[in-house]
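Trainee: Got a predicted structure plus its sequence, pasted below:
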Amino acid sequence: MPKAIVVSENGGPEVLTAAEVDITGPGAGALLVRVAAAGVNYIDTYQRGGAYPVPLPFTPGLEGAGTVEAVGDDVTGFAVGDRVAWTHSIGSYAEQAVIPATWAVRVPDGVDDEAAAAALLQGLTAHYLVASTYPVAEGDTILVHAAAGGVGLLLVQLAKARGARVIGTVSTPDKERLARAAGADEVIRYTEQDFVARTRELTGGEGVAAVYDGVGATTFDGSLAVVRRRGVLALFGAASGPVPPVDPQRLNAAGSVFLTRPTLADYLATPQENQWRVDEVFGALLSGALRVEVTGRYPLADARQAHEDLEGRRTTGKLLLIP
């Protein structure tokens, strides 16, 4: 039987257990896929810990790529042997996964399985943030927190492609080098500088058009302080913990600022929207406008270590599990 990572109770990384699982087949409307690579993302840790409830037991992993081994009834457009990738479907931390065909996408020639697995969830997140949540325009100045992280590096690149001036925050010299290599115009090491004062200085006191904040509790107050009048604070994650409840009057005082807490599912509301975003991300990969930095590859059985490294802020770029 194929192996998978199973969560039987909510908790820390120690609840990630390797086990043999019984997969009977794809069923109607689904594909059975041999998983080549599965993406590791912060949302997996939220689901594992119970912050985002998922019925127990479950296999984590919302993103992966691999080869179709069987096609269920009522599925058109896919055949055994096709290379596919997916997000929006849980269960990717496994040697085999059953994926709804509605959310599977073909992987184009020129994009390997690892790049496909690495690009989807974080790539689509970066895409909806810069294309839809706050549509970055030529000449905008924006701030990206954790600019050397998986989403951060993609945000920097996509925002630069849209003509933005990008300020990034990082914690170390190595992370600064990664952020600058991705195209960041200015990089603030928040361990050495007050990012609020430095951002205000870099913008002549005006502030930035948008802050993309996946860090949460430790950066929220500062993020709000550097948004320009009628700017946008997009809080898309909580790597440092959730933000406490906010008095809406703070948005008034900050300059009629817009605060949003988006989630990927609402920006992949239909298969058509999903395909549009996927086409743009894969197109950027093929053109060279977007590079995915896979910096951590772990055997499937080492999922616990991957989560510990991610939550310990010891990582940059993208982490993958390789069954």
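Mentor: Sure, I can see it.

Trainee: Now do the helices in this protein.
Mentor: Using DSSP state H, the helices of the chain run over residues 42-49, 113-128, 150-161, 173-182, 195-202, 220-226, 249-253, 264-267, 271-287, 303-311.

Trainee: With distance to Val7, mean neighbour count and mean pLDDT added, can I get the ones you listed in TSV?
Mentor: C-betas here are computed from N, CA, C, even on glycine. Converted to TSV, the helices of the chain look like this (distance: least, CB to CB, whole Å; neighbours: other CB atoms under 10 Å; pLDDT from 0 to 100):
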stretch	distance to Val7	mean neighbour count	mean pLDDT
helix 42-49	6	21	94
helix 113-128	18	26	94
helix 150-161	21	26	95
helix 173-182	30	18	96
helix 195-202	35	18	98
helix 220-226	29	21	98
helix 249-253	37	11	97
helix 264-267	20	15	93
helix 271-287	26	17	93
helix 303-311	10	20	96
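
Trainee: wait, which of those is closest to Ala4?
Mentor: helix 303-311 (9.8 Å; CB to CB).

Trainee: which outside residues touch that closest one?
Mentor: Contact with helix 303-311 is made by 5, 13-14, 16, 18, 40, 42, 44-45, 48, 60, 93, 296, 298, 315, 319, 321, as judged by CB atoms under 8 Å, 6 or more residues apart in numbering.

Trainee: and the spatially closest residue to Leu251 that is not a sequence neighbour, how many neighbours?
Mentor: Leaving aside its sequence neighbours, Leu251 sits nearest to Val257 (CB to CB, 6 or more residues apart in numbering; 4.8 Å). By other CB atoms under 10 Å, 21 other residues sit near Val257.

Trainee: So the protein: which segments form each domain?
Mentor: 3-121+268-322, 138-261 (automatic domain parsing).

Trainee: Ser132: which of the ones you listed is closest?
Mentor: Of all those, domain 3-121+268-322 comes closest under CB to CB, at 8.9 Å.
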